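Q: take this sequence and fold it.
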Amino acid sequence: MAAVAVDPVLRRARLGVTLIFMTNGMVWANLAPRFPEIRTNLGLSYGQFGIAVMFSGFGALTFGLAAAAIIRRFSSARVGLVGMTLMSLAAVIAVMVPNGYLFAAAFFVLGAIDSFVDVAQNAHGLRVQREYKRTIINAFHGMWSVGAVIGGLTAAAAAGLGISVPVHLAIVAVLLTGVNIYAYTLLLKGPDTEPEEIVDASSEPQRRGFPRVPGRVWLMVGALSLIAISGAWVEDAAISWSASYLHDELHAGATVAAFGFVALMAMHFVGRMIGDGLIDRFGQRLVTRVGGIITAVGMGVALMWPSIPLTIVGFGLAGLGVATTIPVAMHVADELPGFRHGTGLTILSWVLRFGFMLSPVVVGAIADADSLRTGLSLVVVAGVVVAVLAQVLSPRRNTHALESASPEPHAAP
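A: Presented below is the predicted three-dimensional model:
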């Protein structure tokens, strides 16, 4: 079997995108396990803290739709570098403020910046994927999960050692900025180009504006958005609430409380590393549907019989179940007919932020009214939604990828 040669430029670009995804995950992961400490220091209830965290989604909603135009103007590579540098700085500022109002304002800025980074890293990753001519986008998202696991473990260690949150985040910001400067040197040069299959004379008239986009395409955008939002609600359950649930209701220590988040992100990584191959072999629909079922059952069992070990396992299964959900939705949205390059992806990313914005508020309000355990039942609902809406995804296998992975009778040894 002859290995398919990959241009070294593409290999370097893949590494560069991988580093951006990893460091993006590390920013949020270094914050999340320390949320109980931050909330206590600010003197906020669950509901108040949920509203403050919501402002990250509000910032993304406010500025996120400008991402496609900014990327077309400055390139996804430059937007990724500048965005990640500013995002790391914003995280430091967020943990240094003295009250909930300024914390909410800092999170507004953090979310706005992250919305640009999110579209930039996915746009560049999809650009590299098109050149590779096989599915690799889930691997990029898997490396976000690796970054999240590293960040979660770092935060757990910092909390256990008694390192103050501002000092902890400042050290992380310096390291991540250096990594992103290096990553920038590896990325593809020049402006971002549109997929060849979309750019042709017959499609040009309808790509000039939304009015020419068929109604069925807008329905597809809606379904993809709900799939992505459901995946986001599962992720946010770990980011915003897993440490608080384990610490406050199950009485885990500060270090152990971080492992709900770490478990979800670790299994996120596993799911995304095997996700590309599974999708090529079994199709988007089956993989996504089975994932939704795993999420609903895994977290449902953990909430029915609450304990520290079972809760950590439940978060891990939830992470495995939705591992490919957001990457698949972004991939399909990026190739929808009728939109200019980056527009479908930007719309989905913008709506996804709306889901992230609502999640902490809803869970926080339920927690104040009843308990965090009840609030986290929304993870089960999200898994069911993913399983049902997977019907809109493609059932086809990627036969091109499967054939290229099979021995070729005339291949050189």
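Q: pull the longest helix from this structure.
A: helix 100-132 (DSSP state H).
Q: Ala369 versus His141, what's the distance?
A: Going from His141 to Ala369 by Cβ to Cβ, to the nearest Å gives 34 Å. Glycine gets a C-beta too; all of them are placed from N, C-alpha and C.
Q: among those two, which residue is more densely surrounded?
A: Legend: neighbour count by other Cβ atoms under 10 Å for His141 and Ala369, higher for His141 (27 against 11).
Q: give the buried residues for the helix or strand the more buried one falls within.
A: In the assignment (DSSP states H and E), His141 maps to helix 137-161. Neighbour counts over helix 137-161 (16 or more other Cβ atoms under 10 Å) mark 137-156, 158-159 as buried.
Q: got it, and stretch 332-350?
A: 332-334, 336, 338-350.
Q: could I get the average pLDDT for it?
A: Mean pLDDT, stretch 332-350: 77.
Q: ok, stretch 121-132 next?
A: Averaging pLDDT residue by residue across stretch 121-132 gives 88.
Q: contacts for it, please.
A: 6-7, 10, 13-14, 16-17, 20-21, 24, 71, 76-77, 80, 135-137, 140, 187-188, 192-193, 195, 330-331, 334, 342, 345, 349 (Cβ atoms under 8 Å, 6 or more residues apart in numbering).
Q: just the buried residues of the residues you listed.
A: Here, 16+ other Cβ under 10 Å leaves 13-14, 16-17, 20-21, 24, 71, 76-77, 80, 135-137, 140, 187-188, 192, 330-331, 334, 342, 345, 349 buried among those.
Q: could you give the separation of the next helix or strand after the helix holding His141 from the chain centroid?
A: Sequence-wise, the next helix or strand downstream of helix 137-161 (DSSP H and E) is helix 165-186. Helix 165-186 has its C-alpha centroid displaced from the chain centroid by 19 Å (Cα atoms, centre = their mean, to the nearest Å).
Q: by how many degrees do the following helix or strand past helix 165-186 and helix 137-161 diverge?
A: Toward the C-terminus, helix 165-186 is succeeded by helix 215-236 as the next helix or strand (DSSP H and E). With axes from the mean of the first three to the mean of the last three Cα atoms, to 10 degrees defining the directions, helix 215-236 sits at 30 degrees from helix 137-161.
Q: list the buried residues for helix 215-236?
A: Here helix 215-236 shows 217, 220-221, 223-236 as buried, counting by 16+ other Cβ under 10 Å.
Q: for it, packing partners?
A: Packing partners of helix 215-236 (3 or more Cβ pairs under 8 Å, 6 or more residues apart in numbering; DSSP states H and E): helix 259-282, helix 284-304, helix 308-321, helix 325-334, helix 343-369, helix 378-389.
Q: returning to what we had before: now do the buried residues in the longest helix of the chain.
A: So, applying 16+ other Cβ under 10 Å, buried residues of helix 100-132: 100, 103-130, 132.
Q: tilt between that helix and helix 343-369?
A: Going by the same axes, to 10 degrees, helix 100-132 makes 140 degrees with helix 343-369.
Q: show me where the stretch 51-200 of the chain dips below the pLDDT cut-off.
A: 193-200 (pLDDT under 70).
Q: go again with 50.
A: For the stretch 51-200 of the chain, the stretches with pLDDT under 50 are 195-200.
Q: what do you get for the stretch 251-400 of the chain?
A: Looking at the stretch 251-400 of the chain by pLDDT under 50, you get 399-400.
Q: how about a cut-off of 90?
A: 253-255, 257-258, 261, 265-266, 268-284, 324, 326-328, 330-361, 364, 391-400 (pLDDT under 90).
Q: any idea how many residues pack against the nearest residue to Ala263 once chain neighbours are set aside?
A: Using Cβ to Cβ, 6 or more residues apart in numbering and skipping residues adjacent in sequence, the residue nearest Ala263 is Gly316, 3.8 Å away. Residues lying near Gly316 (other Cβ under 10 Å) number 24.
Q: any idea how far Gly316 is from Ala68?
A: 35 Å.
Q: any idea how far Val82 is from Val322?
A: Taking Cβ to Cβ, one finds Val82 at 30 Å from Val322.
Q: list the contacts of the nearest residue to Ala155 once chain neighbours are set aside.
A: Distances taken as Cβ to Cβ, 6+ apart put Pro33 closest to Ala155, at 4.0 Å, once the chain neighbours are dropped. Residues near Pro33 by Cβ under 8 Å, 6+ apart: 152, 155-156, 159, 243, 257-258, 261-262.
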